[in-house]
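J.: Need a 3D model of the sequence below.
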Amino acid sequence: MQNDFHRRARLQIDHAPVVGISPEEESWLNIHTINCTECRDYAEITARVIQGLGSFSFHVDPGLTERVQKALTRSAEAVAASHVLRRKFFSGAVIALLLTWVGSLASWKAAALVAAQIHISPWTWKTGVVLWSLPSLCVALVLICGWPYLAGNSYEEREVA
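T.: Predicted coordinates:
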């Protein structure tokens, strides 16, 4: 049970400088740290570490900041363009698949009429229609299902300049 109080106190000590804690939690933490040397020491060490980190000073080259910003902008634009292209590619493939299906139905009816007039057996003309529409159906399915494999990630290959 005492271990749970220590865990709760340490969590509140860690959260207090970053996200803040409620007044009730702060009063509980104050009472607990007065009575518990372990948690009081933890709070003091945490405060020292935060003060120490605040004293660090970093000098960043302004050119570096600008190059990083440009690289991030280029990457975001490439991802956005890729999503637009992917959406267009997918919708085009779906339209191609629908047109293949409609065309196959239309050619099925026409092939049935022609086959009846010239006395071709049903399995022959049906096989012919299926084989005629199979390549376009396969291409449409490859475009729909195989897009991630065909597209590649060209923006991963660019170097940050």
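J.: what packs against the longest helix seen in the chain?
T.: As assigned by DSSP state H, the longest helix anywhere in the chain is helix 62-117. Applying 3 or more Cβ pairs under 8 Å, 6 or more residues apart in numbering; DSSP states H and E, one finds that helix 62-117 makes contact with helix 122-145, helix 147-151. Backbone N, C-alpha and C define where each C-beta goes, glycine included.
J.: if you average pLDDT over the longest one, what comes out?
T.: Yep, that's helix 122-145 we're talking about. Model confidence over helix 122-145 averages 79 on the pLDDT scale.
J.: how far is that helix from where the chain is centred?
T.: Shown here is helix 122-145, whose average C-alpha point lies 34 Å from the average C-alpha point of the whole chain (Cα atoms, centre = their mean, to the nearest Å).
J.: List the buried residues for it?
T.: With burial defined by 16 or more other Cβ atoms under 10 Å, the residues of helix 122-145 counted as buried are 125, 129, 133, 136, 137, 140, 143.
J.: Give me the angle between it and helix 62-117.
T.: Between the direction of helix 122-145 and that of helix 62-117, the angle (axes from the mean of the first three to the mean of the last three Cα atoms, to 10 degrees) works out to 170 degrees.
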